[in-house]
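[1] quick check, what structure comes out for this input:
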Amino acid sequence: MSGQSLMTLAELGDALQVEGLPARLAGGWAEAAARFSGQGAAFLSDTALDEVFRACQFPEDVATQLTEAVAVARRNPALFQLAWLWHTVLFAADDPPESAEWPGAEAALGEMAGMFPAVVMLSGLSHMLTVHRARRIPAEITQATASDLAIWIRHYHRLRGRWGFSQLPWMMRHCRGGLFRLGRLQFEPIPFSHPLRVFKHRVSGEVLALSEAGASYTREGLLNGTNHVDDARAWVADLTVADGVICGHPIDPMGYARRETVTLPAADWAQRLTPGDAVLNLHIPEDGKMAHDACGASLAAAEGFFARHCPEMPPPAAYVCGSWLLDSQLQAILPPNANIVQFQREFYLAPLLSHQQDVFGRIFGGMPADLTQAPRDTALRRAVLDFTLAGHALRGGYGFILRDDLQWGAQRYQG
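    The predicted model follows:
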C-alpha cells in the first residue's frame, strides 16, 4: 500500500458512502495525512502483522477472521486509509479519545463490517508490543494481555451470529500499556475514585469504610439510582475529619451503607484509602472458571510485576474491583463453595451504581424477553432466574482489599 496517494476527507467519505465522518476523525485528518507518507508503508504491512500474530498467538478461528478482514482493507484504498486515520487518532495523537465513534462502512465491507475495528486494533497491538518490549514484559504476559481481543471477537460472534469486535475503547487500555493480564486476572493501575474512605485501627487492625460526603443512598443502603430506581426516601451521607474526630456513615462489609453515624478518635484510626490514592483495579476475563487458587496466584504475581516492570508507578494502597460478581446477594443463592462466592468473600464490599440488565448481559448475553423461557443450563443461570422470578433484583458490587491485608484465602473482612 506504500504507493497510495492520500484521499481528501471528502473523497474518503464518498468512496465509503458515508455522509459525514465523526468530528473527532475529521479533526485528526491533517495529522494523519502528515504522517502517512513517512509511516503509511509500514502500517498493516506483512512484517508488522507477522510480528503481532507471532506474539499474540490468536486461536485459529479468530486468526482466520482477522486475516480476511485485513485482506479486505488492503484491497480497498478507502478502507485502508480510514484504518490509518483511526490508528493515528487512537495511538499517535497527543490527546487520544476515551471512546470510539465509528462511521458506517457497510457498503464497502458487507458481512465483514463488524471486523473493521479489529483491523485497527491489530495496529494497536503492534503499538502494545513496543510498549511491552520497553518495559521488558515477559512474552507470556504479552500474549495473555492480547488474548482479550480474541475473547471479545468470540463474544461478538456468540451474541450476533457473525464476526466482529465492539470493544475498541476497552482494548485501547491494553495497547497503551495501562492494563496487564497476570494469570487469571487483569490489573489496571488507576487512582482510587469510589465514594468512600477506608480507616484501619492502629492496634487491632480492624478496617472500617465510611461513605464520602454527598453520596446519596436508598433506604436499603444502595447508591441511589441502582437499577434505575430513584428512591423518594433517599438520604445523603456526611463525613467530617476535624478536631481529632472522624464522623461518618459506615459501609457494611457486605455492601450496604448505614444511615446511623459512627464517631472514631483519629488518634486510634489511620486513614488507609482515600480518593486519589494509587490502586490496582481488577478485571475478570470471561474465558474460564474463576478457580480460587488461580485468582490468588494472580494477585501474588501482581505484587512483584508492577515493582519490576513499572517502577515509576507508586505501590498500590489497595486492590479494587467493581463487578456483577460482587453482588453480595449471590452468597444467598449460590453454594458457599462456589467460585464466585469464594472470590467476593475476600473483599470488603461496598455499593456500586449498577443495573440488573448488565448482570443479565454477562450471564445470558442480554435481558431475556421471557424469564420463564430463558435457558437454565447452568447452576448460576438457574439460581439467577429463580431469584429474579421471586421478585428480587440483582446488581453489581464494589470491593477492596487493602494491600497490607492481602492474604488470599483469609477472607478477613466479612466476618
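
[2] how far away from the center of its chain is stretch 228-244?
    Offset of stretch 228-244 from its chain centre (CA atoms, centre = their mean, to the nearest Å): 28 Å.

[3] that stretch - what's its average pLDDT?
    Stretch 228-244 shows a mean pLDDT of 95.

[4] got the CA positions of it in CSV?
    The C-alpha trace of stretch 228-244 is given here as CSV (Å, rounded to 0.1, in the frame of the first residue of the first chain):
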residue,chain,number,x,y,z
HIS,A,228,-32.7,2.9,37.7
VAL,A,229,-34.7,3.4,40.9
ASP,A,230,-34.8,6.9,42.3
ASP,A,231,-35.8,6.4,46.0
ALA,A,232,-38.1,9.1,47.3
ARG,A,233,-36.7,8.4,50.7
ALA,A,234,-33.0,8.5,49.8
TRP,A,235,-30.6,10.0,52.2
VAL,A,236,-27.3,11.8,51.8
ALA,A,237,-24.1,10.8,53.6
ASP,A,238,-21.9,13.2,55.5
LEU,A,239,-18.2,12.8,56.6
THR,A,240,-16.1,15.0,58.7
VAL,A,241,-12.5,14.7,59.9
ALA,A,242,-11.8,17.5,62.3
ASP,A,243,-10.6,18.2,65.9
GLY,A,244,-9.2,14.8,66.3
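
[5] which positions in it come out as buried?
    Neighbour-count burial for stretch 228-244 flags 235, 237, 239, 241 (criterion: 16 or more other CB atoms under 10 Å). C-beta: built from backbone N, CA, C; applies to glycine.

[6] check whether the first one really touches E220, as I assumed.
    No: assessed by CB atoms under 8 Å, W235 is found out of contact with E220, at 11.0 Å.

[7] just checking, next helix/strand downstream of the lengthiest helix in the chain?
    Counting residues, the longest helix found in the chain (DSSP state H) is helix 139-160. Using DSSP states H and E, the next helix or strand after helix 139-160 towards the C-terminus is helix 168-175.

[8] what mean pLDDT does that following helix get?
    90.

[9] after it, next one along is what?
    Scanning forward in sequence from helix 168-175 by DSSP H and E, the next helix or strand is strand 180-182.

[10] listing request: residues of this protein with sub-threshold pLDDT.
    Confidence mapping of the chain against pLDDT under 70 gives the ranges 1-4, 19-24, 37-41, 93-107.

[11] residue ranges of each domain in it, please.
    What automatic domain parsing lists as the domains of the chain is 9-178, 182-355+395-415.

[12] need those in JSON lines (columns: distance to R362).
    Listed next are the domains of the chain as JSON lines, based on distance: least, CB to CB, whole Å:
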{"stretch": "domain 9-178", "distance to R362": "10"}
{"stretch": "domain 182-355+395-415", "distance to R362": "5"}
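
[13] among those, single out whichever gets nearest to Q373.
    For these, distance to Q373 was read as CB to CB. The smallest value, 18.0 Å, belongs to domain 9-178.

[14] first-to-last residue distance for that closest one?
    With CA to CA, to the nearest Å applied, domain 9-178 spans 32 Å between its terminal residues.

[15] please apply the same query to stretch 394-403.
    29 Å.

[16] ok, now stretch 342-353?
    End to end - CA to CA - stretch 342-353 spans 23 Å.

[17] so L210 touches K200, yeah?
    No: with contact defined as CB under 8 Å, L210 does not reach K200; the gap is 11.9 Å.

[18] lovely, talk soon.
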